[in-house]
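Novice: fold the following.
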Amino acid sequence: MLYQKSAGYAGEIRVDKYLESIEFPEPVKILTDVELSINPKSAIQIDTLILTRSYAFILEIKNIAGTLIYIPNPPHFVRIHENKKTIVIDCPIMQLENNKTTLDIWLERNKFPMRSTGMIVMANGKTDVQDAPADMPIIYGKHLPLHFRKMEPEKPLLTKQQFYELCDKLQQDQQRYNPFPLCEKNGINPAQLRKGIICNDCSVNLIRANHQRWTCPACKKKFKQPYHDGLQDWFMLIKNNISNEECRDFFQMKDKYAANYILNQFPSKLKREGKAKATIYKWDYKQPPANKIKRSTSKT
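Specialist: Just a heads-up that it's a prediction; the model follows:
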C-alpha cells in the first residue's frame, strides 16, 4: 500500500514534467492534488486539473507497471506483472466520471458556465493496456503534449474576469489532499504491521552487522543506519507524532537511549513537543514525509 502511494506520486510528478512542455492557451492554471468538497460527506480527489477560459480538464493519473486487461462487466482492470501474479484494479474511468460529475456540480453551484472533461493518463510508458473500449479516454503521459497541441481551438466560455474568479474560488474551496496516515484512512489496524528494521526491497527484518550498518539476510543488501525510512513509514502509516516508547516498540529496541538517538537525528524535520516522558516528535503533514514524493500544489 505504501509503495502504491509512493508510485502514484512519482507518476504524477512525471506527468507534471510533460505538462511543462505544453503551450496552453493563455491564461491557464494547473492545479495538482486537489481535494474539493460539495458537502460534508462528499469530496473528490483530482490528480491534476487544467483550467483555461475554454475548459476544465481533469487528468486521472495512474502509474502502473505490467499489463492491464480491461474486463467490462463489472468494469475493472486485471493487472499482470512480471511475476505473472494478477491483481484486480478498480476501473479508473469510474473515478474520472465521478470527479467530472462532482466538479460540474461545483461549477454550476458557483455559476461558472463551464463543464469539465478529462482523460486517464498512464504515467508509465511501458504499461500495456489491452481490450480497453475504443471510446475510453486513455492516453500515455508522454503523448499529452501532442494531444493538447492537436486540440481544436475552442470558443472561450469565460471572460478573463470569470476565469480569475474561478481560479480564486477553487483555491479557496479546495483542501490540500493528504492521504496520511494510511492505516486510519484504509481501515488497517497498526498492530498488524511488522515491527523492527525492514528491508525496502524484501520486507524482511534487517540484521545489525555493526554500529552503523545493517544487512538484509534475504537479498544481502547493506544499509547504513536505516532509521529514516522506518520513521517515514511510521508517520505515513500510523500517525503524525511518535514518542520514545513508541519508537522503541516500533523498531524493537532495547532501551530509551537508542530511541532518543534516532529521534534526534532529524531536528530540521521533526518538531519536539513536551518534556521528559511526555515528549513527542511531530511531523507536519503539510510537508510530505517522503521527500521523493513531494509535489507542488499549483503552478501557472
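
Novice: strands of the stretch 1-150 of the chain, start to end?
Specialist: With DSSP state E, counting those that start in this stretch, the ranges of strands along the stretch 1-150 of the chain come out as 29-39, 42-51, 56-62, 67-71, 76-80, 86-90, 116-122, 128-130, 138-140.

Novice: need the contact list for the nearest residue to Leu96 once chain neighbours are set aside.
Specialist: Using Cβ to Cβ, 6 or more residues apart in numbering and skipping the chain neighbours, the partner closest in space to Leu96 is Glu60 (4.4 Å). C-beta here means a position set from N, CA and C on the backbone, and glycine is covered the same way. Residues in contact with Glu60 (Cβ atoms under 8 Å, 6 or more residues apart in numbering) are 46-47, 92, 95-96, 99, 118-121.

Novice: mean pLDDT lowest where, among the strands of the stretch 1-150 of the chain?
Specialist: Ranked by mean pLDDT, the strands of the stretch 1-150 of the chain bottom out at strand 86-90, which scores a mean of 81.

Novice: paired strands for it, with orientation please.
Specialist: Applying DSSP bridges, strand 86-90 is found paired with strand 76-80 (antiparallel).

Novice: what's in contact with the partner strand?
Specialist: 64, 66-71, 86-92.

Novice: need the residues you listed in JSON lines (columns: distance to Pro156).
Specialist: Shown next, in JSON lines, are these (distance: Cβ to Cβ, whole Å):
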{"residue": "Ile64", "distance to Pro156": "36"}
{"residue": "Gly66", "distance to Pro156": "42"}
{"residue": "Thr67", "distance to Pro156": "41"}
{"residue": "Leu68", "distance to Pro156": "37"}
{"residue": "Ile69", "distance to Pro156": "41"}
{"residue": "Tyr70", "distance to Pro156": "36"}
{"residue": "Ile71", "distance to Pro156": "40"}
{"residue": "Thr86", "distance to Pro156": "47"}
{"residue": "Ile87", "distance to Pro156": "43"}
{"residue": "Val88", "distance to Pro156": "42"}
{"residue": "Ile89", "distance to Pro156": "38"}
{"residue": "Asp90", "distance to Pro156": "35"}
{"residue": "Cys91", "distance to Pro156": "33"}
{"residue": "Pro92", "distance to Pro156": "30"}
